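Peer 1: Predicted model and sequence follow; I will ask about them next.
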Amino acid sequence: MVNHALCAAMRQLLREYFVLIAQLENQHRRKSLSLQKLWFYLQPCTETLSILAAVASEVIQSEASGGAVLSLLHTRLVRSSGDSKAEELLLYLTRSAAAPYFATLEGWIHGGKIWDPYREFLVRDSRAEDASPQRRDDYWDSKYGIARDNVPNFLEELAENVLAAGKYLNALRLCGAGGVGERLAAGKVGERANTAPQTIVYSLTDKGYVDVIKDAYQFASKSLLEFMLKEMNLVDQLRSLKHYFLVDEGDYLVEFLDAAETELRKPCSDLSVANLSSQMESAVRSSVTNADPYKDNLRVVLLPYDLITQLFRILSIETRIEKSLQLDDPTEINLSGMEALALDYNVTWPLSLIISAKILTRYQMLFRHIFYLKWVERQLCRVWSLAKHCKERQSRKHPWLTEGFALRTRMLIFVQNLQLHSVFDVIEPHWQTFAEGLSAAANIDTVIHNQWLFIDRCLKDCMLTTPHLLKLVSKLMACAVMFTNWMTRFLHSTTVHKRTEVLRGSTLQATLKGSALRELDSRNRLSNKVVSFDLQQATNRDKYRAALKQFESNFDRYLGQLLGELGRYEEQDSGHRLGNVLYRLDYSGFYRNRRGESPRSGGDLIDLASSRTSASE
């Protein structure tokens, strides 16, 4: 259409030239045309025809169309500064050629519609045949895009605003909730209720089209934000995400673990997503999150890779490590249900503009991180539950057993402090900042920017985007899981667990009298002697002592390395919130004082590969 308009403008100028030729021919027939008159009348036309010939030749040689033709004309117009006649001619040609282009631009930024039969507009609709948005993650990113070849150079800085303005209005039109689409079509939405859209006209000096485009962009973004806040309940949807993915109300997770712990220990291939979904639904409905109106949007999924693999694949994008990671098939790893479990959320249109698939993936990683911490904490507490009767029965005579309990306590304190740091020191403060920014946002782009800022800061301060810290944390967690598995097998390998079952009847002492009470006391004393003998035999074994020493050595070494790295990162980047976790983990300076006495880094029995398999034991 641009070339057609340019040809029409040239044809109009040529028509005037042909009229001049006809008049000169008439004078020549009357014998009243001299050579001086001929030169006088034709001299002004030579420059015009020269410019028209140059423009036509350049367009033909470059095979330009659409915005490229407008860029060509604009460049010539700028270069002709100082030549008033050439400037006037080129301004006429540019304005005429830009008329259909600007008509399409007006329809896009004022109504969210594209009429571009020759694909000359700067916004490319790759799915013009779709009447409504498909429920696909890549729909909004792939449907509309900028055709860089069709962007006029005088609109280069406004191309993103043009794209966003039309997309937002298009989203409002496609939603059509509450008559928004009809009011938009009539130009009666928001600030345009009493004013008609402004017409865009090209000009070299008075760039009024810049203000028109910026006003249209602000209007579209603000209108969509108001629609999402009022009609789509954006704030409530984000709070619902926080409840489940950031474990804001975590009692549902405790209910779910109580019901599905046995299932989650199984290999991922043996699990049923339907059963896990049913258990998750029961847990949600039996907790305080039952009051959430969007609880039905929550879904349970099983991913073919664990959190560490997922994070390293993202962190290694466009690096040399990415190629090596792509060669590994994540499905070959025998993951347990706990390692593969993740949450998903059904996001409706147009909330997917803000809560996109990429944002949900980051929420998902934060959930998997917190869920893993809670799982490890639960396993450490389970060891305490199995061994609590042993501590009550002369555990002071068995120092190695006492050291095992002490190591479990240190691991539990580490996991709990890491969990407190993630939830209360990182997520909550960043969420408050995000919520304040959401209430003060003037347009949808601010909300999208703040959402990305919030989620990226959470990942960064939870040490999930720093490879060195992530490796050390994963080793510490793997060490804790392997220790709980080993301690559980050890307690079950002795008669401690079986003997303590007999002692549970001691709670009935208050109801027993006379000979029955004396008989129970005698049985308890006998069981205490058996338990004490079993513990003494088990803890005197060299294998037990060596394993316990190895676990303690690994845990101290990894924790010392982590604290050292945290201190260095805190000194280099004060933007991190790592000072809080550094203080939590070593508030008394105990590990800092022992750091120089920690064993060498050799003999490392735990690596990232073992962390994938240890939890499934």
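Peer 2: Good, I have the coordinates.
Peer 1: Count the neighbours of V201 for me.
Peer 2: By other CB atoms under 10 Å, 13 other residues sit near V201. Glycine gets a C-beta too; all of them are placed from N, C-alpha and C.
Peer 1: show me the contacts for it.
Peer 2: R95, F102, G208, Y209 (CB atoms under 8 Å, 6 or more residues apart in numbering).
Peer 1: next one: phi and psi at E63?
Peer 2: phi 50, psi 40 (degrees, to the nearest 10).
Peer 1: Kindly report the same for I114.
Peer 2: The phi/psi pair for I114 (degrees, to the nearest 10) is phi -120, psi 130.
Peer 1: where does the stretch 451-600 of the chain dip in pLDDT?
Peer 2: Filtered on pLDDT under 70, the stretch 451-600 of the chain yields the residue ranges 492-542, 573-580, 583, 586-600.
Peer 1: hmm, 50 instead?
Peer 2: 495-513, 517, 520, 526-527, 529-533, 535-539, 597-600 (pLDDT under 50).
Peer 1: can you give me the helices for it?
Peer 2: 467-493, 496-503, 514-539, 542-572, 578-585, 590-594 (DSSP state H, counting those that start in this stretch).
Peer 1: that older thread, now which of the contacts of V201 would you call buried?
Peer 2: R95, F102, Y209 (16 or more other CB atoms under 10 Å).
Peer 1: Next one, pLDDT for the closest residue to the second one other than its chain neighbours please.
Peer 2: Going back to what we said before, that points to F102. Leaving aside its chain neighbours, F102 sits nearest to I200 (4.4 Å; criterion: CB to CB, 6 or more residues apart in numbering). The model reports I200 with a pLDDT of 83.
Peer 1: switch to numbering from 37
Peer 2: All right, first residue 37 from here; so that's I236.
Peer 1: coming back round to it: pipe the contacts of V237 into TSV and attach pLDDT, secondary structure and distance to G102 per row.
Peer 2: Shown next, in TSV, are these (pLDDT from 0 to 100; DSSP: H, G, I helix; E, B strand; the rest coil; distance: CB to CB, whole Å):
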residue	pLDDT	secondary structure	distance to G102
R131	90	helix	16
F138	90	helix	12
G244	82	helix	22
Y245	85	helix	17
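Peer 1: I'd like the distance between A477 and A471.
Peer 2: Noted for A477: a distance of 11 Å to A471, by CB to CB, to the nearest Å.
Peer 1: hey, C-alpha coordinates of stretch 514-522 in CSV?
Peer 2: C-alpha atoms of stretch 514-522 as CSV (Å, rounded to 0.1, in the frame of the first residue of the first chain):
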residue,chain,number,x,y,z
ALA,A,514,22.4,-34.7,50.3
CYS,A,515,24.6,-35.3,53.3
ALA,A,516,21.7,-34.8,55.6
VAL,A,517,19.4,-37.1,53.6
MET,A,518,22.1,-39.8,53.4
PHE,A,519,22.6,-39.4,57.2
THR,A,520,18.9,-39.8,57.9
ASN,A,521,18.7,-42.9,55.7
TRP,A,522,21.8,-44.4,57.4
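Peer 1: Okay, helices next: where are they in the stretch 87-236 of the chain?
Peer 2: Using DSSP H, counting those that start in this stretch, helices in the stretch 87-236 of the chain cover 103-115, 120-147, 175-179, 195-211, 216-221.
Peer 1: Export the ones you listed to CSV and append columns for distance to K507.
Peer 2: Formatted as CSV, those follow (distance: least, CB to CB, whole Å):
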stretch, distance to K507
helix 103-115, 49
helix 120-147, 49
helix 175-179, 32
helix 195-211, 38
helix 216-221, 50
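Peer 1: Can you list the residue ranges for helices in the stretch 237-386 of the chain?
Peer 2: Using DSSP H, counting those that start in this stretch, helices in the stretch 237-386 of the chain cover 244-266, 270-281, 287-300, 309-321, 343-351, 356-363, 373-376.
Peer 1: among the ones you listed, where is the model least confident on average?
Peer 2: helix 356-363 (a mean of 45).
Peer 1: mind listing what's buried in the helix or strand encompassing Y53?
Peer 2: For Y53, the element it lies in under DSSP states H and E is helix 38-65. Within helix 38-65, the residues that count as buried by 16+ other CB under 10 Å are V38, N39, A41, L42, A45, M46, L49.
Peer 1: Same check on stretch 268-287?
Peer 2: So for stretch 268-287, counting by 16+ other CB under 10 Å, buried means 268, 270, 273-286.
Peer 1: so how far is T520 from R418?
Peer 2: Taken as CB to CB, the span from R418 to T520 is 7 Å.
Peer 1: of the two, who's got more company?
Peer 2: Neighbour totals were compared for R418 and T520, and T520 leads with 25 against 14 (other CB under 10 Å).
Peer 1: Not counting sequence-adjacent ones, nearest residue to the more buried one?
Peer 2: Closest residue in space to T520, ignoring its immediate chain neighbours: Q415 at 4.1 Å, by CB to CB, 6+ apart.
Peer 1: Pretty sure that neighbour sits against F519.
Peer 2: No: the criterion here is CB atoms under 8 Å, and Q415 misses it with F519 at 9.1 Å.
Peer 1: out of these two, which sits in the more crowded spot?
Peer 2: F519 (26 against 23).
Peer 1: Pick out the residue closest to the middle of this structure.
Peer 2: I395 (2.5 Å; CA atoms, centre = their mean).
Peer 1: dump the residue contacts of Q72.
Peer 2: Q72 touches nothing, counting by CB under 8 Å, 6+ apart.
Peer 1: what helix or strand is it on?
Peer 2: Q72 belongs to helix 71-98, assigned by DSSP H and E.
Peer 1: Quick check: mean pLDDT of that helix?
Peer 2: Mean predicted confidence for helix 71-98 is 85.
Peer 1: and the angle from that helix to helix 120-147?
Peer 2: 40 degrees (axes from the mean of the first three to the mean of the last three CA atoms, to 10 degrees).
Peer 1: between helix 71-98 and helix 38-65, how big is the angle?
Peer 2: 160 degrees.
Peer 1: so how far is helix 71-98 off the chain centroid?
Peer 2: 59 Å (CA atoms, centre = their mean, to the nearest Å).
Peer 1: same deal with stretch 253-269?
Peer 2: Using CA atoms, centre = their mean, the offset of stretch 253-269 from its chain centre is 21 Å.
Peer 1: Give me the buried stretch members for that stretch, please.
Peer 2: Neighbour count says stretch 253-269 has 253-265, 268 buried, by 16+ other CB under 10 Å.
Peer 1: Serialize these to JSON lines and add fields for distance to A122.
Peer 2: JSON lines is the format used below for these (distance: CB to CB, whole Å):
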{"residue": "Y253", "distance to A122": "34"}
{"residue": "Q254", "distance to A122": "37"}
{"residue": "F255", "distance to A122": "38"}
{"residue": "A256", "distance to A122": "38"}
{"residue": "S257", "distance to A122": "40"}
{"residue": "K258", "distance to A122": "43"}
{"residue": "S259", "distance to A122": "43"}
{"residue": "L260", "distance to A122": "44"}
{"residue": "L261", "distance to A122": "47"}
{"residue": "E262", "distance to A122": "48"}
{"residue": "F263", "distance to A122": "49"}
{"residue": "M264", "distance to A122": "51"}
{"residue": "L265", "distance to A122": "53"}
{"residue": "M268", "distance to A122": "54"}
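Peer 1: which one among these gets closest to Y77?
Peer 2: Taking CB to CB as the measure, Y77 lies nearest Y253 of the buried residues of stretch 253-269, at 49.9 Å.
Peer 1: quick one on the thing from earlier: tell me which two of the contacts of V237 sit farthest apart.
Peer 2: Farthest pair in those, by CB to CB: R131 and G244, 12.7 Å.
Peer 1: pLDDT wise, what is I484 at?
Peer 2: Looking at I484, its pLDDT stands at 89.
Peer 1: hang on, isn't it packed against S388?
Peer 2: No: counting by CB under 8 Å, I484 stays clear of S388, with 11.4 Å between them.
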